[in-house]
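[1] show me the folded form of this:
(one chain, ligands or ions: 2)
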Amino acid sequence: MHLVEELIQSNKNFTAEKYTAKDFSSDQDVRWCPGCGDYSILAQVQRVMPELGIPKHNLVFVSGIGCSSRFPYYMDTYGFHGIHGRATAIATGLKIARPDLTVWVATGDGDGLSIGGNHFIHVCRRNVNMKVILFNNQIYGLTKGQYSPTSEFGKVTKSSPQGTVDQPFNPTLLALGAEASFVARTLDRDPKHLQSVIRRAAEHQGTAFVEIYQNCNVFNDGAFFPFTEKETKDENVVYLEHGKPMVFGKQKDKGIKLEGFTPTVVSLSDGKYSVNDLIVHNENDTMLSFILARMSSIPNLPRPVGVFYKVQKPLYEVEIERQVQTAIQKNGEGDLEKLLNHGETWTIQ
Ligand SMILES: Cc1ncc(C[n+]2csc(CCOP(=O)(O)OP(=O)(O)O)c2C)c(N)n1
Ligand code: SF4
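    Residues are numbered from 1 along each chain as shown. Ligands and ions are numbered 1, 2, ... in the order given. Predicted coordinates:
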């Protein structure tokens, strides 16, 4: 077995300690506003962690800057509160240096998609083995309410008093376009679903991207209420389940059918269509994943949540390690001093 694969396997074999969610709660006071959706995300991640069977000393949470980026303080694991937008770059370096560590990135729509957009797309295409959870509240929370790259067109904020003229990013579509090997969406106010998606991301080997709809109750309250509130969610959300037809609605009386390449809503109660006419979700279908991710931009379609896409690809850090080992076999152990002094050198006087 290859060195990196052995290290990953050794994490899986860990049984020495049995953790509970409490073991992942640090001694830091949580400084989010009362009612913020970040609390639920923290609680669900802490609940799932013990199930993974990974020793705490092998877990690292890396973040950039923002309310969401305070996440590592609150996890009783190793952590790195980085600089704005650079969490995925820092995490990439860490993963290359220490491939045995399990690395998570906590980021926001501002941190991950504005200043950090460049680093984000490159981590996706490289398929570094890390989990990236993006708290999407469609606003800059920490800096008190400027519009973000996911704010809807026309959004009135302190930095867009007449409404933003920017078209928003769709994070799942962006991650798919950047070739991420695992792409999912979930919601802060659906703890069970959030836990299940975190679990799936944790199992994935490769860059696992999870968009989490997160309520910023101070600067963008209710941005996702149609998808999270009891009265409306059944009609506005379709849960993606691998191998199952896309049915939704309180009475499970509606479904999603493809008309050409365009998803449309059909009724299952008027006798015209049955579940056999509906899209059957397939997490491994690249084309379908794009169609499903695009659904959020089409009015009157329910919002898909769950795992959009999952595929196995070579891991960045494994390929690097392979090259390093090949070079050592061919040339022997490197000597940095020798390398720096080889070839033409100059003395500055
Ligand atoms: C280089 C740099 N530019 C700008 C800022 C100011 N700043 C801090 S957080 C932030 C945006 C945070 O938004 P988001 O990532 O959505 O996180 P949230 O606070 O909403 O969780 C900005 C612009 C900064 N800290 N550093
Ligand atoms: S400003 Fe918004 S995102 Fe930040 S802690 Fe407060 S409610 Fe949460």
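
[2] please count neighbours and contacts with C-alpha atoms only from this point.
    Noted.

[3] elements contacting the helix or strand hosting residue 257?
    Using DSSP states H and E, residue 257 sits in strand 254-259. Secondary-structure packing of strand 254-259 (3 or more C-alpha pairs under 8 Å, 6 or more residues apart in numbering; DSSP states H and E): strand 247-248, strand 262-267.

[4] and the angle for the last one with strand 254-259?
    What that stands for is strand 262-267. 140 degrees (axes from the mean of the first three to the mean of the last three C-alpha atoms, to 10 degrees).

[5] now strand 262-267: buried residues?
    263-267 (16 or more other C-alpha atoms under 10 Å).

[6] same check on stretch 83-103?
    Buried residues in stretch 83-103 (16+ other C-alpha under 10 Å): 84-92, 94-96, 99-103.

[7] so which of those are in strands?
    Per DSSP state E, strands hold the following members of the buried residues of stretch 83-103: 102-103.

[8] just the ones of the buried residues of stretch 83-103 in helices?
    87-92, 94-96 (DSSP state H).

[9] take those and write them to a markdown table, including pLDDT and distance to ligand 1.
    Below are these laid out as a markdown table (pLDDT from 0 to 100; distance: C-alpha to the nearest ligand atom, whole Å):
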| residue | pLDDT | distance to ligand 1 |
| --- | --- | --- |
| 87 | 98 | 11 |
| 88 | 98 | 13 |
| 89 | 98 | 15 |
| 90 | 98 | 15 |
| 91 | 98 | 17 |
| 92 | 98 | 19 |
| 94 | 98 | 21 |
| 95 | 98 | 22 |
| 96 | 97 | 25 |
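
[10] can you show me the helices along the stretch 151-300 of the chain?
    Assigned by DSSP state H, counting those that start in this stretch, the helices in the stretch 151-300 of the chain fall at 171-177, 191-203, 225-228, 233-236, 286-294.

[11] closest to ligand 1 out of these?
    Ligand 1 lies closest to helix 171-177 among the helices of the stretch 151-300 of the chain, at 12.4 Å (C-alpha to the nearest ligand atom).

[12] that closest one near ligand 1 anywhere?
    No: against ligand 1, helix 171-177 shows no contacts by C-alpha under 6 Å from any ligand atom, the least distance being 12.4 Å.

[13] buried residues, that helix. List them.
    So, applying 16+ other C-alpha under 10 Å, buried residues of helix 171-177: 171-176.

[14] cool, and stretch 276-289?
    Applying 16+ other C-alpha under 10 Å to stretch 276-289 flags 277-284, 286, 288-289 as buried.

[15] show me which residues of the stretch 51-200 of the chain sit near ligand 1.
    65-68, 84, 108-111, 139-143.
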